[in-house]
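In: Curious how this folds, go ahead:
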Amino acid sequence: MRTVPVDRIRNIGLMAHIDAGKTTTTERILYYTGVTYKIGEVDEGTAVMDWMEQEQERGITITAAATTCFWNDCRINIIDTPGHVDFTAEVERSLRVLDGAIIVLCGVGGVEPQTEKVWYQSVKYHIPKLAYVNKMDRKGADFLDVVGQIEKKFKVVTLLLQLPMGSEDDFVGVIDLIAMKAYRYNGELLGARVENMEIPAPYMDDALLHREQLIEKLAEFDNDVMELFLDKKDIPDSFLKKAVRTATLDLKAIPVLLGSSFKNKAIHNLLDAIVDFLPSPLDKDDVGGKDPKTGKELCRKLSDDEPMSALVFKIITDPYVGQLVFFRLYSGSIKVGSTIFNSNKNQRLRIAKLLKMHANKREEIDAVYSGDIAATVGLKDVSTGDTLCDERHPIQLETIHFPEPVVSATIEPRLTSEHQKLDDVLAKLSMEDPTLKSYVDHHTGQMIISGMGELHLEIIQERIKREFKVQTKLGKPRVAYYETIRKKARAEEKYIKQSGGKGQYGHVVLEIKPLPGNDKFKFNTKIKHGIIPKEFYKAIEQGVLEAMDIGVIAGFPITQVEVDLLDSSFHEEDSNELAYKIAAAMAFKSAFRKGHPILLEPFMKIEIIVQDDYLGEVMSDFNTRQGKITNMDLKNNLHVIDGIVPLSLMFGYATSLRTLTQGRANYSLEFFKYSEMTEEKMNEVLKTQLGIYTTN
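Out: As a prediction, this is how the structure comes out:
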């Protein structure tokens, strides 16, 4: 039996640049909603949501953690996401299943590089959001400057719902521009005692001015507010709140709040805003998908009476219970003991347990209803992005797309006897983390792992040691290059083998061409004359994919290639799947060599923050790394340099920057795109990789 009406559910995520205070804010939310009896601190390693040992030691969030709390009779499911760019996949998968988001910004740093990244990720998924300007007690905090940055960088209408009372060390509370009340927080009592008061005289003029501006903006989104505004009549608070909610849900504006999470100030107001302005599952569109057999477009309404449909968005390997599978239920309901269907893998599965998660703690529940987020255990061969549904009404929801890895390194166990164990562990971790890839280099026979950055690979190595008790050696990180082609090419290959008994026969004609955009691969069947049973089409496509995985010119994976199967022939007795797979791989490699192959390398966005004294040295060093400056700004007497730079020249940059600036500068890197290498650089890479000096 459903205990919380669906319109009283909020599925939200907290996201931001690293160190903006997401986890600290979540800890306060849990404390003030009664989930925890004391406040955990990130710096002390006691934060509930940072439950992994490495998160506690490093003071950063590595994996998105889910929890549930209640406020004003509303159930709030919260996902606290990482801020470090190496773990951007955690944000991507969370946004796919959330209804609303809180973008946390630092009152001093404002809009930082990863803030931009998560903002645009949320735009892609059409997520309504609030902006919460944190750390208003810090020296240099400037609320209106941060609001200006939001408007300038994201070209969005901001709705200021609050103004600060005091600034920096004197920040004591907030002024609510809708209720026209002031809230003073008693920091010594963890903010539990809130003094609700009239707006002090020194702040009244500013409050009246900004309230007038807020009403003018809301009049554009709500006819009731518009009428009262034009008639110069008093506008009830309920009308203003309704207008803010409408503008937020329609993605026409973003409400902005402020506070100091560490000093326990204004969290109550933030919780009120979550309930008042962020969407319930009912406010979202019906979820769309396809019939897995026919490809016909389908949709599911958010209702417990609809056929069940859910999306797996996260998998965690737990040493005690095995795989924990997190899912968002879009329609219908799931009860313990029921049978469900994985439409991606064509598998029937049984639900043995259902769990409500609180970080790494679990509470068993009997049923899950539409609009909710929950977890289960014991499901085999389930991957992130799979659809769970009613077998009588199958549907395949749109899956989750993740960025490709950009950094690789060799990894091997310290004990020879643990090779198989390491393979098994990497397979489990790759299921859990779609941005982690592992494969054997066919040139050297070494195991390679690829991820989103040096920190990502370090964390993986530590997890293998701590959670799975395997000691490993990690090689020096290197760039994850890709191969592709620049022009169309065609090749024909036959694979014929006779060995006395039944032989092997496969024959294909393939044409390959560059595939625009970021898609890795597209396969088309365009046979006009050849006669071949359709069951061999899949084998031909598989042969091409296997050839792409190991590369052609330097052993790097191949991407952005479209393949057309133009012709083929068939032998009644000797043709089989293996023969067509081998023939397809041979034809693909032959065509690839004719297609003017080129290597692609990852380019990164970089932001460097440096004092004036060291600007010249930093710029000079940046130029030697073939960096291109896209923007320069002056913020709080510090130079902010934005640029694009090849990742291959950025290893060890942290040490270099520290040396150049006596440790007074900092930087952040974020993946931008893969681009073609120069012929000169490609020759250098090929020379290193294969000992050759030709590109043909």
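
In: so is residue 428 in a helix, a strand, or just coil?
Out: helix (DSSP: H, G, I helix; E, B strand; the rest coil).

In: in the stretch 1-150 of the chain, which spans are strands?
Out: For the stretch 1-150 of the chain, applying DSSP state E, counting those that start in this stretch gives strands covering 9-15, 65-71, 74-80, 100-106, 129-134.

In: In a markdown table, list these along with mean pLDDT, mean neighbour count and distance to residue 662.
Out: For the C-beta atoms, the positions are set from N, CA and C on the backbone; glycine is no exception. Listed next are these as a markdown table, based on pLDDT from 0 to 100; neighbours: other CB atoms under 10 Å; distance: least, CB to CB, whole Å:
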| stretch | mean pLDDT | mean neighbour count | distance to residue 662 |
| --- | --- | --- | --- |
| strand 9-15 | 89 | 26 | 33 |
| strand 65-71 | 79 | 20 | 37 |
| strand 74-80 | 84 | 24 | 35 |
| strand 100-106 | 92 | 25 | 24 |
| strand 129-134 | 95 | 27 | 29 |
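
In: So which of those strands is nearest residue 604?
Out: Residue 604 lies closest to strand 9-15 among those, at 20.3 Å (CB to CB).

In: How about residues contacting that closest one?
Out: With CB atoms under 8 Å, 6 or more residues apart in numbering as the contact definition, strand 9-15 has outside contacts at 22, 25-26, 64, 74-81, 83, 91, 94-95, 97-104, 118, 122, 274-275, 278-281, 328, 371-373.

In: Of the strands of the stretch 1-150 of the chain, which is nearest residue 205?
Out: That would be strand 129-134 among the strands of the stretch 1-150 of the chain, by CB to CB, at 21.5 Å.

In: Show me the residue at the heart of the chain, geometrically.
Out: residue 92 (2.2 Å; CA atoms, centre = their mean).

In: quick one: contacts for that residue?
Out: 121, 400-403.

In: now residue 449
Out: Counted by CB under 8 Å, 6+ apart, residue 449 has contacts 408-409, 411, 426, 436-438, 457, 460.

In: lowest-confidence helix or strand of this protein?
Out: Every helix and strand in the chain was compared by mean pLDDT, DSSP states H and E; the lowest is helix 53-58, with a mean of 43.

In: what's the residue lying closest to residue 106 once chain neighbours are set aside sitting at in phi/psi?
Out: Nearest non-adjacent residue to residue 106, counting by CB to CB, 6 or more residues apart in numbering: residue 20, 4.7 Å away. Main-chain dihedrals, residue 20, degrees, to the nearest 10: phi -90, psi -10.

In: Please tell me how far residue 20 sits from residue 631.
Out: Using CB to CB, to the nearest Å, residue 20 is found at 21 Å from residue 631.

In: Just list the residues touching the nearest residue to residue 101 once chain neighbours are set aside, thanks.
Out: Leaving aside its sequence neighbours, residue 101 sits nearest to residue 129 (CB to CB, 6+ apart; 4.3 Å). Counting by CB under 8 Å, 6+ apart, residue 129 touches 100-103, 122, 248, 254, 278.

In: Next, the residue nearest to residue 126 when sequence neighbours are not counted: secondary structure please.
Out: Ranked by CB to CB, 6+ apart and with sequence neighbours excluded, the top spatial neighbour of residue 126 is residue 251, at 6.4 Å. Under three-state DSSP, residue 251 falls in the coil class.

In: From residue 231, how far out is residue 251?
Out: From residue 251 to residue 231 the distance is 29 Å (CB to CB).

In: Now do the same contact list for the residue nearest to residue 106.
Out: 83, 104-106, 109, 112, 115, 134-135.

In: Dihedrals phi and psi, residue 533?
Out: Torsion angles, degrees, to the nearest 10, at residue 533: phi -60, psi 140.

In: Skipping adjacent residues, who's closest to it in space?
Out: Nearest non-adjacent residue to residue 533, counting by CB to CB, 6+ apart: residue 570, 7.0 Å away.

In: biggest strand in the chain by residues?
Out: With secondary structure taken from DSSP state E, the chain has its longest strand at strand 597-610.

In: Strands of the stretch 501-650 of the chain, start to end?
Out: 504-514, 521-525, 561-569, 597-610, 628-635, 638-646.

In: roughly how far apart are the residue nearest to residue 126 and residue 274?
Out: Distance from residue 251 to residue 274, by CB to CB: 17 Å.

In: How many residues are close by the residue nearest to residue 533?
Out: 15 (other CB atoms under 10 Å).

In: for residue 676, same thing?
Out: If we define neighbours as other CB under 10 Å, then residue 676 has 13 of them.

In: That one contacts residue 598, doesn't it?
Out: Yes. Residue 676 lies in contact with residue 598 (CB atoms under 8 Å); the separation is 5.2 Å.

In: hang on, the earlier thing: for residue 251 and residue 274, indicate the residue with more neighbours.
Out: For residue 251 versus residue 274, neighbours defined as other CB under 10 Å are more numerous around residue 274 (22 against 14).

In: contacting residues around the residue nearest to residue 69 when sequence neighbours are not counted?
Out: Spatial nearest neighbour of residue 69, chain neighbours left out: residue 33 (3.8 Å); criterion: CB to CB, 6+ apart. Going by CB under 8 Å, 6+ apart, residue 33 touches 69-71, 76, 271.

In: Select, from the residues you listed, the two members most distant in space.
Out: It's 70 and 271 that sit farthest apart of the contacts of residue 33, by CB to CB, at 10.1 Å.

In: anything in contact with each of the two?
Out: With CB under 8 Å, 6+ apart, residue 70 and residue 271 have common neighbours 33, 76.

In: re the thing from before, now the residue nearest to residue 69, what are its backbone angles?
Out: phi -90, psi 0.

In: Bridging across strands, which residues link to the closest residue to residue 578 other than its chain neighbours?
Out: Spatially, and ignoring its direct neighbours in sequence, residue 578 is nearest to residue 504 (6.7 Å; CB to CB, 6+ apart). According to DSSP bridges, the partner residues bridging residue 504 are residue 497.

In: Span of stretch 129-138 from start to end?
Out: This stretch, stretch 129-138, spans 24 Å end to end (CA to CA, to the nearest Å).

In: same deal with stretch 462-473?
Out: 11 Å.

In: For the stretch 1-150 of the chain, give me the ranges with low pLDDT.
Out: Within the stretch 1-150 of the chain, the set of residues satisfying pLDDT under 70 comprises 35-65, 80-90.

In: Spell out, range by range, the helices that occur in it.
Out: With helices called from DSSP state H, counting those that start in this stretch, the stretch 1-150 of the chain shows them at 22-32, 53-58, 88-97, 113-124, 143-154.

In: Which one of these lies nearest to residue 442?
Out: Closest of the helices of the stretch 1-150 of the chain to residue 442 is helix 88-97, at 26.6 Å (criterion: CB to CB).

In: between the closest one and strand 100-106, how many degrees?
Out: Helix 88-97 and strand 100-106 are oriented at 140 degrees to each other (axes from the mean of the first three to the mean of the last three CA atoms, to 10 degrees).

In: quick one: helix 88-97 to chain centroid distance?
Out: 4 Å (CA atoms, centre = their mean, to the nearest Å).

In: Only the C-alpha atoms, please, for it, written as CSV.
Out: Output in CSV follows, covering the C-alpha atoms of helix 88-97 (Å, rounded to 0.1, in the frame of the first residue of the first chain):
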residue,chain,number,x,y,z
THR,A,88,31.2,12.9,-14.2
ALA,A,89,29.4,9.6,-15.1
GLU,A,90,27.9,9.5,-11.6
VAL,A,91,26.3,12.8,-12.4
GLU,A,92,25.1,11.6,-15.8
ARG,A,93,23.4,8.5,-14.5
SER,A,94,21.8,10.4,-11.6
LEU,A,95,20.4,13.1,-13.8
ARG,A,96,18.8,10.5,-16.1
VAL,A,97,16.4,9.4,-13.3
